[in-house]
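# Model the following, please.
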Amino acid sequence: MNRRMRSLRGVRLYRDTDHGMIMGVCAGLSDQFGFRLGPLRIIALVSLLLFTLPTLLVYVAAGLLLPDKPLRYYGSRDERELWSQRSSRRMQA
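Model prediction:
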């Protein structure tokens, strides 16, 4: 259990409103944990049909409390260093 808690310590849940249908909760979970989005939405729908009130409460609470997806830089390291050097040169001039 201790090992599991240590591995979850760095996990930060978020909503992905760009790829989400309603509030982006399923899209954020699939992006964070590497799940496929379609099956996760089906699981959420089945859960909503079987356990309507608890699922709805958890989903709405997650949609209201979770932050939006953080911005990430997807370029190469060399490109990032190039632009950071250029911006630091402008600041010095």
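
# any idea how far Leu65 lies from Pro39?
Note on Leu65: its distance to Pro39, by Cβ to Cβ, to the nearest Å, is 24 Å. From N, CA and C alone the C-beta is placed, and that goes for glycine too.

# ranges for the helices of this structure?
With DSSP state H, the ranges of helices along the chain come out as 2-8, 25-33, 37-50, 52-65, 77-92.

# List just the one of the ones you listed that sits closest to Arg15.
Closest to Arg15 of those is helix 25-33 (Cβ to Cβ; 4.4 Å).

# for the closest one, which positions count as buried?
Across helix 25-33, burial judged by 16 or more other Cβ atoms under 10 Å covers 25-31.

# for the chain, where's the lowest mean pLDDT among helices and strands?
Lowest on mean pLDDT, DSSP states H and E among the helices and strands of the chain sits helix 2-8, with a mean of 52.

# distance of Ala61 from Glu79?
As judged by Cβ to Cβ, Ala61 and Glu79 stand 40 Å apart.

# ok, back up a step: just give me the lowest mean pLDDT stretch among the helices of the chain.
Out of the helices of the chain, helix 2-8 stands lowest, with a mean of 52 (criterion: mean pLDDT).

# Let me know the distance separating Tyr59 from Ile43.
As for Tyr59, its distance to Ile43 is 12 Å (criterion: Cβ to Cβ).

# Those two - which one has more neighbours?
Just comparing Tyr59 and Ile43: by other Cβ atoms under 10 Å the higher neighbour count belongs to Tyr59, 17 against 12.

# Look up the closest residue to the more buried one, ignoring the ones flanking it.
Spatial nearest neighbour of Tyr59, chain neighbours left out: Val25 (5.8 Å); criterion: Cβ to Cβ, 6 or more residues apart in numbering.
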